[in-house]
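Peer 1: Here is a sequence together with a model predicted from it:
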Protein chains: 2
Amino acid sequence: MARLLRAATWGLVPWRGYCSKSQQGELSEGFVEALKAIVGSPHVSTAAVVREQHGHDESMYRCHPPNAVVWPQNVDQVSRLAALCYGQGVPIIPFGTGTGLEGGVCAMQGGVCINLTHMDRIVKLNSEDFSVVVEPGVTRKALNTHLRDTGLWFPVDPGADASLCGMAATGASGTNTVRYGNMRDNVLNLEVVLPDGRLLHTAGRGRHFRKSAAGYNLTGLFVGSEGTLGLITAATLRLHPSPEATVAATCAFPSVQAAVDSTVNILQAAVPVARIEFLDDVAMDACNRHSKLNCAVAPTLFLEFHGSEQALAEQLQRTEEITRNNRASHFSWAKEAEERSRLWAARHNAWYAILALRPGCKGYSTDVCVPISRLPEILVQTKGDLKASGLTGAIVGHVGDGNFHCILSVNPNDAEELHRVKAFSEQLGRQALALHGTCTGEHGIGLGKRQLLQEEVGTVGMETMQQLKAMLDPRNLMNPGKVI
Amino acid sequence: MARLLRAATWGLVPWRGYCSKSQQGELSEGFVEALKAIVGSPHVSTAAVVREQHGHDESMYRCHPPNAVVWPQNVDQVSRLAALCYGQGVPIIPFGTGTGLEGGVCAMQGGVCINLTHMDRIVKLNSEDFSVVVEPGVTRKALNTHLRDTGLWFPVDPGADASLCGMAATGASGTNTVRYGNMRDNVLNLEVVLPDGRLLHTAGRGRHFRKSAAGYNLTGLFVGSEGTLGLITAATLRLHPSPEATVAATCAFPSVQAAVDSTVNILQAAVPVARIEFLDDVAMDACNRHSKLNCAVAPTLFLEFHGSEQALAEQLQRTEEITRNNRASHFSWAKEAEERSRLWAARHNAWYAILALRPGCKGYSTDVCVPISRLPEILVQTKGDLKASGLTGAIVGHVGDGNFHCILSVNPNDAEELHRVKAFSEQLGRQALALHGTCTGEHGIGLGKRQLLQEEVGTVGMETMQQLKAMLDPRNLMNPGKVI
């Protein structure tokens, strides 16, 4: 229940009602009845515990519960819910697995949380066309389990078992992106309920072609829109052939610079590496403890290679050569599925391993991404700043993309510490911007990076984004308080 | 001079002046002086021959000359030109190399053609970051020549030596897309002059990160917008490491089905093929004559493989095995650069080879893209329809993407034949739509596919695109008459 406690805030807009007739944002009885008329009574809740469960994600952002939670069973119900809420001026907050890291589901102005997890069908698998249509309740792991015997898989892997439509809404990526791209690269079509209830198929209903030059790229507009422009009710995803064989490797370095230099060299040599992840010494120490690994406590790369047996042998040999030239020690590789899984489970559990350094704390993760040539300097600087800040944290990163995270253990009840976290995070964001980078590689803007977004895209960029928001959501009711 | 003749029209909006004080869309003297004050007298022309050169692209669309052509030397001049034209209600038509195929540069309502080719600097190469910034006068071949000794290249290859910013505006792709993606996948940032002259950096000024989740995807919005939302004045592109070695292969099949089945099998086997192009028997015959090849006159795949020597040997072996299982004959491969170039020059000259079947004719190319599983049926159907239509044409296609073209030789002075071309093209577009495909994989909507676009994206999709157009170009002066 620790995660349901209200944490101190970062000076966010206080929770307030939107409904003139009610206090504290309570919904009128008639409105709740109207919700029940659409989805059925069992699929509407105004219970405090349920609302609180839906008022926060996995980050340290303060819980802002919605006034009601509804579970539509189909897209028609979503349309009617949106039309009802929009007509009545009630905010709408889409909810998937709640595994976001930027407070994207916090109901800043109350409203109706639309939990889409009951819509969990894999609607259509087109295996010969390497595509699949999924509803918003389908998670990444559920899809890959479904695909197990088809020779296909969906590679975008943010670590959490997030819903695929939620990943589309966030513009997620994660490990594997260096080879297979992020959600922007792997969404072919979206079914979107617009704020007023109209149904949009961003690439046309039922279409799942590989590429198109037909008009404006509406699919690209909704990927990464964080629920602020509409509700994603189905996604057509691009699938990839399963690799014939897979090898994982780890390799420790005497310095951050040596690890990043190896990464650049591997990419320049066109080794088609599938994953290339960096963990600093603190992260390795935490993973050793949490996941019972026995790795060197040093800057480390976790790598994975996909291909034929023959191709793998060559990729491994080249990579080992490159890392050795960069003074790597401890190059070791694991071909067996069990050993590989153990390594990657440790990497994916780094979040929990680092939180475990301070029991009872919550997590916050920074998310900057810079041109890869600037990675060594910002990583070295960040390690110094982290030490100087007195915060507890470690660095992990998708270094093949130039994206890294400081995962921080934070006492959510210590206002002074929260202030330091905020200062540290903003400083890092600005350092990334100064190096031609972005304040978020994959977690999104959410609540906390709206100021940084303005600095990143500039006045005209921000004006254009505000115009887009006003065009699609003129009453500012779709997930208000996020992004813009 | 044949290409400067006015061809018969497909019932397009007739050329008309926009300026109440003048006839035939002539500009006032004062306005022309204002243009000269911005770019200098030598960089403005109202000569008939220059205007006609800028009133058409490489397709059979009737020439619609602008009233004036200007050559800005820098982005500041482009901003001032846009602000001037927009303020005065004068249409603006961006112009690059004029190699488009959908009439995208036709000045349907007259106006000022902004020829961007004098801005031809390669602004900044970030080789360690695999990115480059180019101005709109830089063509694909010029960039790759510049990159020759860097170990990097830009793979998107539509055949023509188009300008890279023009390719971004069109959403171009071509051969290589099956492995390296299209322009949507390879543009990292755009500098855009908005219709009112404001300068937008779609991903923030100077930024060239590999991925981001920061706000709405403005870059994606402008890629493929065909000059209807703004003028692209610089593009930041993603570069790729040059392949260590390259092998080309050709392989003839007893049927279209066998060629497409091979394609699907190759993709399913995760062979990282770099190009996989289909040519039908008529196209092969035309190429044999035009490019002095000696290939079988049969459905044929042209393939290219990129990788290390060892990887190539394996890819070739697998591909040969797959094609043999699909009853291929004549599998032959070429490793020497000269021989490879000859093959790909023949493929890229297929357009001219097919036009040469009827001297004096102009070309038109269809451009549908369907899910790859539907390719055999639509290809077989199209060959039948083409025969029944009595038109002269052949089929070539980027079959790895499901995209193919009927290249038609058309007598532009024969209204009845033009009518048949239009009917054939629309019928094919509708067949692709019925198979969950798109009416344009890479040439864009331009003038002729606006009705098909509506059918493709549906009412809500079209409304959303119209809203976008109205939002960014409220006076409908940016390349009017295209896309929407």
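Peer 2: Thanks, I have it.

Peer 1: For the stretch 51-200 of chain A, what lies in contact range of chain B?
Peer 2: The stretch 51-200 of chain A has residues A:126, A:128-131, A:151, A:170-173, A:177, A:181-182, A:184-185, A:194, A:198-200 near chain B, with proximity defined as C-beta under 8 Å from any C-beta of the partner chain. For every residue, glycine as well, the C-beta is placed using N, CA and C.

Peer 1: Among those, which ones are in strands?
Peer 2: Here DSSP state E is the test, and these give A:Asn126, A:Ser131, A:Leu199, A:Leu200 as lying in strands.

Peer 1: my guess is the first one meets B:Arg374, correct?
Peer 2: Which is A:Asn126. No - taking contacts as C-beta atoms under 8 Å, A:Asn126 lies outside contact range of B:Arg374: 9.9 Å.

Peer 1: Tell me which stretches of the stretch 351-484 of chain A form strands.
Peer 2: Applying DSSP state E, counting those that start in this stretch to the stretch 351-484 of chain A gives strands spanning A:362-365, A:392-398, A:403-410.

Peer 1: and the ones you listed as TSV, adding mean neighbour count, mean pLDDT and distance to chain B?
Peer 2: Below are those laid out as TSV (neighbours: other C-beta atoms under 10 Å in any protein chain shown; pLDDT from 0 to 100; distance: least, C-beta to the nearest C-beta, whole Å):
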stretch	mean neighbour count	mean pLDDT	distance to chain B
strand A:362-365	21	92	13
strand A:392-398	25	96	9
strand A:403-410	26	96	7
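
Peer 1: Could you measure from A:Glu442 over to A:Phe95?
Peer 2: For A:Glu442, the distance to A:Phe95 equals 19 Å [C-beta to C-beta, to the nearest Å].

Peer 1: quick one, what contacts A:Leu408?
Peer 2: Under the criterion of C-beta atoms under 8 Å, 6 or more residues apart in numbering or on different chains, the neighbours of A:Leu408 are A:Ile354, A:Gly363, A:Tyr364, A:Ser365, A:Thr366, A:Leu391, A:Thr392, A:Gly393, A:Val421, A:Phe424.

Peer 1: Could you list the buried residues of stretch A:386-393?
Peer 2: By neighbour count with 16 or more other C-beta atoms under 10 Å in any protein chain shown, stretch A:386-393 contains the buried residues A:Leu386, A:Ser389, A:Leu391, A:Thr392, A:Gly393.

Peer 1: how long is it from one end to the other?
Peer 2: 7 Å (C-alpha to C-alpha, to the nearest Å).

Peer 1: Pull the residues that contact that stretch.
Peer 2: Contacts of stretch A:386-393 (C-beta under 8 Å, 6+ apart): A:282, A:354, A:357-358, A:361, A:395, A:406-410, A:417, A:420-421, A:423-424.

Peer 1: likewise stretch A:356-367?
Peer 2: A:2-3, A:7, A:58-60, A:101, A:286, A:289-290, A:351, A:354-355, A:392, A:403, A:405-412, A:421, A:424-425, A:428-429, A:439-443, B:213.

Peer 1: Only C-alpha atoms, please: export stretch A:234-242 in CSV.
Peer 2: Taking C-alpha atoms only, stretch A:234-242 is exported to CSV below (Å, rounded to 0.1, in the frame of the first residue of the first chain):
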residue,chain,number,x,y,z
ALA,A,234,-6.3,-0.1,-31.1
ALA,A,235,-2.8,-0.2,-32.6
THR,A,236,-1.5,-1.9,-35.7
LEU,A,237,2.1,-2.8,-35.0
ARG,A,238,5.0,-3.9,-37.2
LEU,A,239,6.3,-7.3,-36.3
HIS,A,240,9.8,-8.7,-36.9
PRO,A,241,11.0,-12.2,-37.7
SER,A,242,12.3,-13.9,-34.5
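
Peer 1: Is it positioned near chain B?
Peer 2: Yes - counting by C-beta under 8 Å from any C-beta, chain B is contacted by stretch A:234-242 at A:His240, A:Pro241, A:Ser242.

Peer 1: Closest one of the residues you listed to chain B?
Peer 2: A:Pro241 (4.0 Å; C-beta to the nearest C-beta).

Peer 1: residue contacts, A:Thr46?
Peer 2: A:Leu27, A:Val32, A:Asn67, A:Ala68, A:Val69 are the contacts of A:Thr46 under C-beta under 8 Å, 6+ apart.

Peer 1: Could you list the low-confidence segments of the stretch 1-150 of chain A?
Peer 2: A:1-25 (pLDDT under 70).

Peer 1: Go again with 50.
Peer 2: Residue ranges of the stretch 1-150 of chain A with pLDDT under 50: A:1-24.

Peer 1: Now do the helices in it.
Peer 2: A:29-39, A:48-53, A:75-88, A:140-146 (DSSP state H, counting those that start in this stretch).

Peer 1: Tell me which of these is the most buried.
Peer 2: helix A:75-88 (a mean of 20; mean count of other C-beta atoms under 10 Å in any protein chain shown).

Peer 1: list the helices and strands that helix packs on?
Peer 2: helix A:29-39, strand A:92-95, strand A:112-115, strand A:187-193, strand A:231-238 (3 or more C-beta pairs under 8 Å, 6 or more residues apart in numbering or on different chains; DSSP states H and E).

Peer 1: can I get these in JSON lines with distance to B:Ala37?
Peer 2: Converted to JSON lines, the helices and strands packed on helix A:75-88 look like this (distance: least, C-beta to C-beta, whole Å):
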{"stretch": "helix A:29-39", "distance to B:Ala37": "61"}
{"stretch": "strand A:92-95", "distance to B:Ala37": "52"}
{"stretch": "strand A:112-115", "distance to B:Ala37": "56"}
{"stretch": "strand A:187-193", "distance to B:Ala37": "47"}
{"stretch": "strand A:231-238", "distance to B:Ala37": "50"}
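
Peer 1: what sits against the closest residue to A:Gly100 other than its chain neighbours?
Peer 2: Once flanking residues are discounted, A:Gly100 sits nearest to A:Asp57: 4.0 Å by C-beta to C-beta, 6 or more residues apart in numbering or on different chains. By C-beta under 8 Å, 6+ apart, the contact set of A:Asp57 is A:Gly98, A:Thr99, A:Gly100, A:Leu101, A:Glu102, A:Gly103, A:Gly104, A:Val105, A:Cys106.

Peer 1: Quick one: neighbours of A:Arg289, just the number.
Peer 2: A:Arg289 sits with 12 neighbouring residues when counted by other C-beta atoms under 10 Å in any protein chain shown.

Peer 1: from what I can see, it looks like it's in a helix, true?
Peer 2: Yes - according to DSSP: H, G, I helix; E, B strand; the rest coil, A:Arg289 belongs to a helix.

Peer 1: Wait, it touches A:Ala353, no?
Peer 2: Yes - with contacts counted by C-beta under 8 Å, A:Arg289 reaches A:Ala353, the gap being 6.9 Å.
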